[in-house]
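J.: Following is a predicted model, sequence given first.
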Amino acid sequence: MPAWLGIVLVLAALGAIFGGLRAAQAQYGLAPETTRKGVHVLMGGVTLTFPWLFDAFWPVALLGGLAAAALFAVRTMPGLQANVGRVLHDVERPSYGELYYAGAIVLLFFLSGGDPVLYGVPILLLGLADPAAALVGLRYGQALYQTSDGVKSGEGSASFFLVAFLCVHVPVLLFTSTGRVESLLIALIAGVLVMLLEAIAWRGLDNLFVPVGGYALLSTHLAMDAYELAARLLAIGVLFALATIWHRETTLNRSATFAAALVGVVTWMIGGWTWLLAPAALYFGYTLLWPSSARVAESDSGPPTLHTVHNVLGVASVGFGWLVLSVAAPEQTLLYPYTLAYAAYLGLIGTERLRSYPYDFSTARILGSSVLKSCTALVVPFVLAEGFGLHLLPLAGGLVGGVGLTAAFYLQWPRFFDHARTPFQTHVRRALLVTATSALGLPLLFLTDGLRPDVPWPFV
């Protein structure tokens, strides 16, 4: 059909969805979460038809823009808020999920080129798995865990996994040439990882994380054979199990632990085992190096405050940036500034902990202890990845210098790095500091290129 007719039909369907749900809400007293997830399911059903309605990107982009403008008006205009806005905004938690939903649809259609499977499966995840998790969690949730957005439940996450598994397995098996074993493994991998993405999301970001993550997993895993997929599923299970087992020794809440596991999985998928060593050293090492940061530690004011997903993503952000740059420029591995970034963050954590001890430690002692422990913890995995050689001597010196500079800057201006107006600004300031100090390793990296061993040992 003509594009304009498809646009009119979609707009009419969306208007009917909101009008019908508002009428049902007023007449039957539907719970706020029920109507909100009803929008999820029905909008998913409408947008699922896009590959058959449109053969170009511009109608979908236009619909996305119109939907975003309408949803923003519903959010901000008092008259609309009190009427149709109650379908979405009667829930107590702050959320921008409806705007992320509209953006995700447009982005998916663009990335997939309108491919029915690559576009349709993420839409199913968004339209079915996420509502199932919310409704089951509200009705049956008992195994609760803390997130940045409040409380979620193990029952809800399990429901998400089961529905997500079916949303991937059935279409991949029926509508692609993928074998039965491969489709099963892809569905298991996607189910686990998108479940973790939903568990760590805040303020409605699951409406973006889940479909985009689902697309990324499908587009990269459909071409793999059964042995590759089985190895990948095993690795994901091992990383998730290790992060969960160590959870009680950390200062992370449960969703932050899921985020740490995801960081490990994504790092390994992109860079391999050698790039996983540095974040693993930080995750397992920081409570061992500074026991006062352990979850079980008690103080005069009670147990320590648990850290959230934002803390995990803030610490991983700089290293992930170096990893992406290294993939984009494969002629020069950036494992050294990557390792330096994690060492700097470990030193920053140590400096913060030592500074808060009830003892009057001198600045020199704080610097010496944090730098020595952090560099020792990170130099071992770096040597394992790089191999022995003369190039290690100047690189080890650069590691000490980078971590020392990070700790010194923090000690000089602690309020600047601890007391920004928002937690986000605090994470950004720390990330900028670590980016600057880890970038100082680049000159050393290029100068020592000729000293590297021809065959690194033993991992690469």
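T.: Okay, I see it.

J.: Can you name the residues that contact residue 427?
T.: The contact partners of residue 427, taken as Cβ atoms under 8 Å, 6 or more residues apart in numbering, are 310, 311, 313, 314, 317. C-beta: built from backbone N, CA, C; applies to glycine.

J.: From residue 320, how far off is the fourth one?
T.: Residue 314 is 11 Å from residue 320, where distance means Cβ to Cβ, to the nearest Å.

J.: cool, and the second one?
T.: As judged by Cβ to Cβ, residue 311 and residue 320 stand 15 Å apart.

J.: now do the third one
T.: From residue 313 across to residue 320, the span is 9 Å (Cβ to Cβ).

J.: what sits in contact with each of these two?
T.: Common contacts of residue 313 and residue 320 (Cβ under 8 Å, 6+ apart): residue 263.

J.: ok now the helix or strand encompassing residue 73, how far from the chain's centre?
T.: Element membership for residue 73 (DSSP states H and E) is helix 58-76. Its chain's C-alpha centre lies 26 Å from the corresponding centre of helix 58-76 when counted by Cα atoms, centre = their mean, to the nearest Å.

J.: how about that helix: buried residues?
T.: By neighbour count with 16 or more other Cβ atoms under 10 Å, helix 58-76 contains the buried residues 59, 60, 63, 64, 67, 68, 70, 71, 74.

J.: same deal with stretch 260-271?
T.: By 16+ other Cβ under 10 Å, the buried positions in stretch 260-271 come out as 260, 261, 262, 263, 264, 265, 266, 267, 268, 269, 271.

J.: Now do the one helix or strand the third one maps to: distance to the chain's middle.
T.: Residue 262 is part of helix 254-271 when elements are defined by DSSP H and E. Average the C-alpha atoms of helix 254-271, do the same for its chain, and the two points are 7 Å apart (Cα atoms, centre = their mean).

J.: Likewise for stretch 338-354?
T.: On the basis of Cα atoms, centre = their mean, stretch 338-354 is displaced by 21 Å from the centre of the chain it belongs to.

J.: buried sites along it?
T.: Residues of stretch 338-354 classed as buried: 338-354 (neighbour count, 16+ other Cβ under 10 Å).

J.: now swap in stretch 355-371 and tell me
T.: The neighbour-count criterion (16+ other Cβ under 10 Å) identifies 355, 366, 367, 369, 370, 371 as the buried residues of stretch 355-371.

J.: Closest one of the residues you listed to residue 149?
T.: residue 355 (30.8 Å; Cβ to Cβ).

J.: wait, doesn't the closest one sit right on residue 414?
T.: Yes - in terms of Cβ atoms under 8 Å, residue 355 counts as a neighbour of residue 414; the distance is 6.9 Å.

J.: on that earlier part again, let me know the closest of the buried residues of stretch 260-271 to residue 378.
T.: Out of those, the one with the shortest distance to residue 378 is residue 267. That distance is 14.8 Å, counting by Cβ to Cβ.

J.: thinking again about what came up before, quick one: the buried residues of stretch 355-371 as TSV, columns for secondary structure and pLDDT too.
T.: Conversion of those to TSV gives the following (DSSP: H, G, I helix; E, B strand; the rest coil; pLDDT from 0 to 100):
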residue	secondary structure	pLDDT
355	helix	80
366	helix	86
367	helix	88
369	helix	88
370	helix	89
371	helix	90
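
J.: Show me the buried residues of stretch 338-354 that map onto strands.
T.: Here DSSP state E is the test, and the buried residues of stretch 338-354 give no hits in strands at all.

J.: Kindly provide the whole-number mean pLDDT of the helix or strand residue 133 falls within.
T.: Using DSSP H and E, residue 133 sits in helix 130-140. Summarised as a single mean, pLDDT over helix 130-140 is 85.

J.: ok, residue 96 - contacts?
T.: Under the criterion of Cβ under 8 Å, 6+ apart, the contact partners of residue 96 comprise 203, 204.

J.: For this protein, which residues score under the pLDDT cut-off?
T.: Applying pLDDT under 70 to the chain flags the ranges 33, 79-94, 292-305, 331-332, 357-359, 387-391, 449-460.

J.: which residues of it fall in strands?
T.: With DSSP E as the criterion, the chain has strands spanning 144-147, 150-153.

J.: Just give the strands next to the first one in its sheet, each with its orientation.
T.: I take that to be strand 144-147. Using DSSP bridges, strand 144-147 pairs in its sheet with strand 150-153 (antiparallel).

J.: Show me which positions of the strand it pairs with end up buried.
T.: Neighbour count says strand 150-153 has 152, 153 buried, by 16+ other Cβ under 10 Å.

J.: Now tell me what touches it from outside.
T.: Applying Cβ under 8 Å, 6+ apart, the contact partners of strand 150-153 are 93, 133, 136, 137, 140, 141, 142, 143, 144, 145, 199, 255.

J.: and these, which are buried?
T.: For those, a neighbour count by 16+ other Cβ under 10 Å gives the buried set as 133, 136, 137, 141, 145, 199, 255.

J.: In CSV: the residues you listed, plus distance to residue 395.
T.: Compiled in CSV, the buried ones among the contacts of strand 150-153 are given as follows (distance: Cβ to Cβ, whole Å):
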residue, distance to residue 395
133, 46
136, 51
137, 48
141, 50
145, 41
199, 38
255, 36
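
J.: Can you tell me what sits against the helix holding residue 133?
T.: Counting contacts by Cβ under 8 Å, 6+ apart, the residues outside helix 130-140 that touch it are 31, 33-34, 37-38, 40-41, 152-153, 155-157, 159-160, 162-163, 198, 206-207, 210.

J.: now those residues: which count as buried?
T.: For the contacts of helix 130-140, burial is judged from neighbour counts taken by 16+ other Cβ under 10 Å, and it is met by 33-34, 37-38, 40, 152-153, 155-157, 159-160, 162-163, 198, 206-207, 210.

J.: on that earlier part again, specify the stretch among the strands of the chain that is closest to residue 125.
T.: Go through the strands of the chain one by one with Cβ to Cβ and the one that ends up closest to residue 125 is strand 150-153, at 16.9 Å.

J.: chain center to that closest one: distance?
T.: Distance, stretch centre to chain centre, for strand 150-153: 17 Å (Cα atoms, centre = their mean).

J.: what's the burial count for residue 414?
T.: Other residues lying near residue 414 total 13 when counted by other Cβ atoms under 10 Å.
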